[in-house]
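Q: Need a 3D model of the sequence below.
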Amino acid sequence: MAKGGRAALNSLIPAIPFLIVDPVPEPYSIVAATKQHLSEIPKLEQAAASVFPDEDLPAALRYLVTDRDTLLEARLDGRVWVAIDAAERAVGFALAEVLDGEAFLDEVDVHPRHARRGIGTRLVNTVIGWAESREFASLSLITFRHLSWNARFYERFGFVQLARHELGPDMLQILDEEARAGIDVSKRVGMRRMLQRDASNTD
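A: Numbering: from 1, shown residues only. You can find the predicted model right below:
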């Protein structure tokens, strides 16, 4: 899990990809984040947080953002990506991590003004491709089970919901930290997608 200002609460926002739709690629590209893009990510996080109901995301948590050191480390590791528009402005991003020995989708945000254009779908697929290329056996995440653009969205990619006893210690720690921050973790669910190994990496 990313450490720093947003800590375990990063995992709240695999909630933002909205509804899966056919991709509309012409104005948007998914690219590895540059240093310049990193300064745009906190604004995306705050904009994306605005779509959550108050009962799911308390007001005090809506302004938490991922600290720059965490983003810089992710950039060096090749596990943060941005969606850019025709003017090369970041309109969405995805952040991955390694937890419990498996790939973990830490956060996906799309600015509400650019929602429902296939950007979240393309960001998730980018993370899946990264995890497969690194030869992880699975990709996991934590999201809200009851919001239409959360668990149901990820099920369309092949993610399945996990019982609490199926979660590793790192994921359980995230839920404990969310509970202490005021999140109703009974609404949260861990999910996992089994991955195909990248055949190009085999002998």
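Q: can I assume residue 94 sits in a strand?
A: Yes: under DSSP: H, G, I helix; E, B strand; the rest coil, residue 94 falls within a strand.
Q: SS state for the residue nearest the centre of the chain?
A: The centre of the chain sits closest to residue 107, judged by CA atoms, centre = their mean, with a distance of 2.2 Å. At residue 107 the chain is in strand, as set by three-state DSSP.
Q: do you know how far it is from residue 77?
A: 15 Å (CB to CB, to the nearest Å). In short, each C-beta sits where N, CA and C put it, glycine included.
Q: likewise residue 116?
A: Taking CB to CB, one finds residue 116 at 30 Å from residue 77.
Q: same question, residue 110
A: From residue 110 over to residue 77 (counting by CB to CB), the distance is 22 Å.
Q: Those two: which is more packed in?
A: Counted by other CB atoms under 10 Å, residue 110 and residue 77 do not tie: residue 110 has more neighbours, with 29 against 11.
Q: for the more buried one, which residues make a bridge with it?
A: Going by DSSP bridges, residue 110 is paired in beta bridges with residue 92.
Q: Doesn't residue 143 lie inside a helix?
A: No: Residue 143 is assigned strand when assessed by three-state DSSP, not a helix.
Q: Could you report the pLDDT at it?
A: According to the prediction, residue 143 has pLDDT 95.
Q: now swap in residue 115 and tell me
A: 86.
Q: For this protein, give me the ranges with low pLDDT.
A: For the chain, residues meeting the criterion pLDDT under 70 lie at 1-26, 197-203.
Q: buried residues in the lengthiest helix in it?
A: Longest helix in the chain by number of residues (criterion: DSSP state H): helix 119-133. Residues of helix 119-133 classed as buried: 119-124, 126-128, 130-132 (neighbour count, 16 or more other CB atoms under 10 Å).
Q: Please apply the same query to stretch 159-178.
A: 159, 162, 167, 170-171, 174-175, 177-178.
Q: which ones among these are found in strands?
A: Of the positions in the buried residues of stretch 159-178, residue 162 sit in strands, assigned by DSSP state E.
Q: three-state assignment of residue 86?
A: coil.
Q: do residue 116 as well
A: coil.
Q: quick thing: my sequence starts at 831, can you match it?
A: Got it, the first residue is 831 from now on, which makes the last one we talked about residue 946.
Q: mind checking how far it is from residue 922?
A: The value you get for residue 946 to residue 922, if CB to CB is used, is 12 Å.
Q: Those two - which one has more neighbours?
A: Using other CB under 10 Å as the criterion, residue 946 and residue 922 rank with residue 922 on top: 28 against 15.
Q: isn't the more buried one right up against residue 950?
A: Yes: judged on CB atoms under 8 Å, residue 922 makes contact with residue 950 at a distance of 6.9 Å.
Q: Okay, helices next: where are they in this structure?
A: So, for the chain - with DSSP H - the helices run 865-868, 871-879, 898-907, 949-963, 981-985, 999-1011.
Q: And the ones you listed: which comes nearest residue 918?
A: Closest approach to residue 918 among the helices of the chain is made by helix 865-868 (9.1 Å; CB to CB).
Q: This completes my enquiry, with thanks.
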